[in-house]
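can't give you the sequence, but here's the structure:
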């Protein structure tokens, strides 16, 4: 399977079974309202697995899967621990971002989020 085919497969699954989220990066440390960049995306959001519970990762954490093809997401890559994700109108913290590559091409982004 090619990277393009893998991304297309993920995009189809996200379109059918994912949920709408917003990837958020604040562009300043202060201000009212605080300046930010928001990028809408589709994602799979699931509870963390028992074997992931360690350190700051608790039962309130979630695993999130994103496609790199989300419009505008490229401007925020690589995602960082200070970034946020809005899930069901609730802003959560990105604790860990794991890019998944195939043949040197980014095909998926796995996040662990808290909050």
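On my side now, so go ahead. Everything numeric here is computed off the predicted structure, so don't read it as measured data.

okay, now residue 23: neighbour count?
Using other C-beta atoms under 10 Å, residue 23 has 26 neighbouring residues. Every residue, glycine included, has its C-beta placed from N, CA and C.

For it, which non-adjacent residue is spatially closest?
Distances taken as C-beta to C-beta, 6 or more residues apart in numbering put residue 39 closest to residue 23, at 4.5 Å, once the chain neighbours are dropped.

what ranges do the strands span in this structure?
Secondary structure of the chain, counting by DSSP state E: strands at 19-26, 36-47, 62-66, 84-87, 90-102, 105-114.

Output those as JSON lines; include the columns mean pLDDT and distance to residue 10.
Shown next, in JSON lines, are the strands of the chain (pLDDT from 0 to 100; distance: least, C-beta to C-beta, whole Å):
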{"stretch": "strand 19-26", "mean pLDDT": "95", "distance to residue 10": "14"}
{"stretch": "strand 36-47", "mean pLDDT": "92", "distance to residue 10": "9"}
{"stretch": "strand 62-66", "mean pLDDT": "92", "distance to residue 10": "8"}
{"stretch": "strand 84-87", "mean pLDDT": "96", "distance to residue 10": "17"}
{"stretch": "strand 90-102", "mean pLDDT": "92", "distance to residue 10": "10"}
{"stretch": "strand 105-114", "mean pLDDT": "93", "distance to residue 10": "6"}
